[in-house]
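Asker: Structure for the following, please:
(one chain, ligands or ions: 2)
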Amino acid sequence: MKPAESGVVQVAVEAPTHTGLGAPLDYLSERPLSPGTLVRVPLGKREVTGIVWQGAHHEAAPEGLKSVTEALAALPPLGAAWCELVAFSSGYYQRGVGELAMAVLPPELRKLDDRQIANRIAKLHKASAAAPASPDPGSLQPELPPPSPEQEAALARLAEAERTGDAPTVLLHGVTGSGKTEVYLRAAAKALAAGKQVLVLVPEINLTPQLEARFAQRFAGRRIVAQHSGLTPAQRLRHWLAAHLGLADLVLGTRLAVFASMPRLGLIVVDEEHDPSYKQQEGARYSARDLAVYRGKLEHATVLLGSATPSLETWQRANEGRYVRLALAQRIGGGALPAVRLVDMNAMPKAKGGGGALSPPLVAALQERIARGEQSLVFLNRRGYAPVLHCGECGWKSACPHCSAWRVFHKLDRSLRCHHCGFSERVPRACPECGNLDISPIGRGTERLEEQLAELLRSETGPPARIARIDADSTRTKGSLESQLGAVHAGDVDVLVGTQMVTKGHDFRRVTLVAAVNPDGSLFSSDFRAPERLFALLLQAGGRAGRDAAHAARSELWVQTWHPQHALYAALKRHDFEAFAASQLEERAAAGLPPYSSLALLRADARTPEAAREFLQAAAELAATLPGADAVMLYPPVPPVVARVADVERMQMLIESPSRAALQRFLAIWLPAIHTLRRDRAAASQRVLRWAVDVDPLAI
Ligand SMILES: [Zn+2]
Ligand SMILES: [Zn+2]
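Answerer: Ligands and ions are numbered 1, 2, ... in the order given. Below you'll find the predicted structure:
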């Protein structure tokens, strides 16, 4: 590469997939640019940010080739491994490489010029020099409790796996309260001591502060940065730069952080690896958990997947010996797992007037807890007061005019709100159809449950029960979740009501009873993953009880059900994840479902269901003509559970193959052909608003 000569560089630019500009484009550069360099280039009438994908080569530049406007040379180029991770993700999830790259980089990088970036970098170096350069080894780990024998065995197995295999992927299967975090911390300490960087992924932003605090406490003097969508753009850039420049030793974040640029990556931890939040639900629909595993192989970094209820995909890979399995079967301090009580709702007295969400034995158990000064957690996966309002005279229901869904009644602000499109109105005084004044709620959400609990737990003698509610409505304002959790920890709450939000991660010491009010819906869902999710949810929720060893012996998980004989609940009673997983895997194998097959969903949105269906049918006809079509199976287009959202009709088509590679090969040919279809066939396909593919979809 001769510096003085100009050459052609390939630049991955941010262009939406539908433009067909998914592949890197050629530009002229006066000087050689290393791959991974950020540049500004003209694209149509705009100027966009891109990444040099391939450095200058000396072909004769074609006539009229546009030049790179500016190279952001102050920023060290993105590493080859990072570019490879993006290239792989772009191919696997079928999005343009530049589109994906720019979506996962901090947005601020698009706005700053070279000089501004140089300033930011200089500032970071200065701040880092001012901080203690390396931690004082004496003060690093003051008085750590020794690991439990189980943790010790797991760590020894991990060390052995790292010695004998290159960058192992390890499943840490530990019951709730078994001290998985301590294993993460010790594995991280080892990686840090070897001069490596550590990436820790958590499913939700809410869980980052407490984990960050634990890591900060353990690794005083080390620089830890967070990466998630809750940061300001300036923070996000600063944290990203710190990791990219190698100044930060630990990166903690949500799914987006799997793309953090880390030149010395040595360990990736994926906490609660089964959590659906790791799957991105728009744009490039990537799975951060799956990409973490890929990245580990790419960068020779150990990957630690932790869960009490591993995803069946991960569990199966461990069964096949592709992942190393470590088990923590005991709770720290010897605490017992909560006893599971199934309340047979068939045997309960019929409630009058729409009450009856809470069975008499459960109410009695809650009262006992209050009398003993212990806390309870009651959850129901439906927020609002009632899922629908109804007129008994004419049959009117609170449908959303824009969606095929009911609007939820929120009593606190007297609104009818659609949880799909956000459309909200004041609750009408009378039925909008017939004028009947007596319109009533059907079913219940967390608001109504809170109200009913307050009534049922009213005591004639003592003070009233203190009830708090945590869901997406009660935690909308910044800091409200923290203050509500604080009240629970301080013991100012007797009964905490909430959605599944309350079941994740939080360490409630005084909770001895956890109750699922109405979890049966998932047993018979059309989504084949619903039972897996329900089992994980209940086990995780139960894990909130008895974290304090003193209370563990009498901690209980109550499940109100109309189907107490169901196999899922039988396995739950025994806390037997392995038996549950085995039976689920057997069903999946028989039905040819993941992990025994690979799936993709082609989705289309249109103004009418007919247009969406026609488009998918045209795509299916096209598929039949392509090579590799015999290796995949296309199902007929069907609407999703909620077909219409915000006046857009949605339709989807499932593509299945026993071979992941065959599915990948086919998608790579088919999707570009669909783009062409859309350009060519003016009539049907033009009426489609948008379409997208979801590889390894989580919800079907
Ligand atoms: Zn009416
Ligand atoms: Zn709506």
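Asker: drop to CA atoms for contacts and neighbour counts, all remaining ones
Answerer: OK.
Asker: measure the residue nearest to Ile700 when sequence neighbours are not counted to ligand 2 for me?
Answerer: Nearest residue to Ile700, sequence neighbours excluded (Cα to Cα, 6 or more residues apart in numbering): Asp527, at 5.7 Å. Separation of Asp527 from ligand 2 (Cα to the ion, to the nearest Å) stands at 22 Å.
Asker: Can you say which helix or strand has Asp527 in it?
Answerer: In this assignment (DSSP states H and E), Asp527 forms part of neither any helix nor any strand.
Asker: give the contact list for the most centrally placed residue in the chain.
Answerer: Central residue of the chain (Cα atoms, centre = their mean): Ser277, 1.1 Å from the mean position. Residues counted as contacts of Ser277 (Cα atoms under 8 Å, 6 or more residues apart in numbering) are Pro203, Glu204, Arg255.
Asker: of all the residues you listed, which comes closest to ligand 2?
Answerer: Ligand 2 lies nearest to Glu204 out of the contacts of Ser277, by Cα to the ion, at 25.6 Å.
Asker: Was I right to think the closest one contacts Leu256?
Answerer: No - between Glu204 and Leu256 there is no contact under Cα atoms under 8 Å: 10.9 Å.
Asker: Just give me the longest strand of this protein.
Answerer: Longest strand in the chain by number of residues, with DSSP state E as the criterion: strand 46-57.
Asker: Show the average pLDDT along the helix or strand following that strand.
Answerer: Using DSSP H and E, the helix or strand that directly follows strand 46-57 along the chain is strand 70-71. Strand 70-71 shows a mean pLDDT of 92.
Asker: mind listing what's buried in the helix or strand following strand 70-71?
Answerer: Next helix or strand after strand 70-71 toward the C-terminus (DSSP H and E): helix 80-92. The neighbour-count check on helix 80-92 (16 or more other Cα atoms under 10 Å) flags Trp82, Cys83, Leu85, Val86, Ala87, Phe88, Ser89, Ser90, Gly91, Tyr92 as buried.
Asker: Name the residues of this structure found near ligand 2, please.
Answerer: Cys400, His402, Cys403, Cys418, Cys421 (Cα under 5 Å from the ion).
Asker: For Val183, what is the enclosing helix or strand?
Answerer: For Val183, the element it lies in under DSSP H and E is helix 180-193.
Asker: Of the buried residues of helix 80-92, which is the nearest to Ala582?
Answerer: Lowest distance from Ala582 to the buried residues of helix 80-92 (Cα to Cα) belongs to Tyr92, with 28.7 Å.
Asker: For the residue nearest to Asp249 when sequence neighbours are not counted, give me its contacts.
Answerer: Spatially, and ignoring its direct neighbours in sequence, Asp249 is nearest to Gln197 (4.8 Å; Cα to Cα, 6+ apart). For Gln197, the contact set (Cα under 8 Å, 6+ apart) comprises Ala191, Gly246, Ala248, Asp249, Leu250, Val251, Met262, Pro263, Arg264, Leu265, Gly266, Leu267.
Asker: Look at the first one and report its pLDDT.
Answerer: This points to Ala191. Looking at Ala191, the pLDDT reads 96.
Asker: Using the three-state scheme, assign the nearest residue to it once chain neighbours are set aside.
Answerer: Excluding its sequence neighbours, the residue lying closest to Ala191 (Cα to Cα, 6+ apart) is Gly266, at 6.0 Å. Following DSSP: H, G, I helix; E, B strand; the rest coil, the label given to Gly266 is strand.
Asker: Check the contact between Gly266 and His300; I expect there is one.
Answerer: Yes - assessed by Cα under 8 Å, Gly266 is found in contact with His300 at 7.1 Å.
Asker: Looking at these two now, which is surrounded by more residues?
Answerer: Between Gly266 and His300, counted using other Cα atoms under 10 Å, Gly266 has the larger neighbour count: 23 against 15.
Asker: gap between that one and ligand 2?
Answerer: Where ligand 2 is concerned, Gly266 sits at a distance of 46 Å (Cα to the ion).
Asker: show me the contacts for that residue.
Answerer: Ala191, Lys196, Gln197, Val198, Glu299, His300, Ala301, Thr302.
Asker: separation between it and ligand 1?
Answerer: Distance of Gly266 to ligand 1, computed by Cα to the ion: 64 Å.
Asker: And for Asp630?
Answerer: For Asp630 relative to ligand 1 (Cα to the ion), the value is 54 Å.
Asker: ok, and the closest non-adjacent residue to that residue?
Answerer: For Asp630, the spatially nearest residue (Cα to Cα, 6+ apart) is Ala624, at 8.0 Å.
Asker: neighbours of the residue nearest to Ile700, just the number please.
Answerer: Close neighbours of Asp527, defined as other Cα under 10 Å, add up to 13.
Asker: hang on, the earlier thing: kindly indicate which of the residues of the chain next to ligand 2 lies nearest Leu25.
Answerer: Proximity of those to Leu25 (Cα to Cα) peaks at Cys421, which lies at 37.5 Å.
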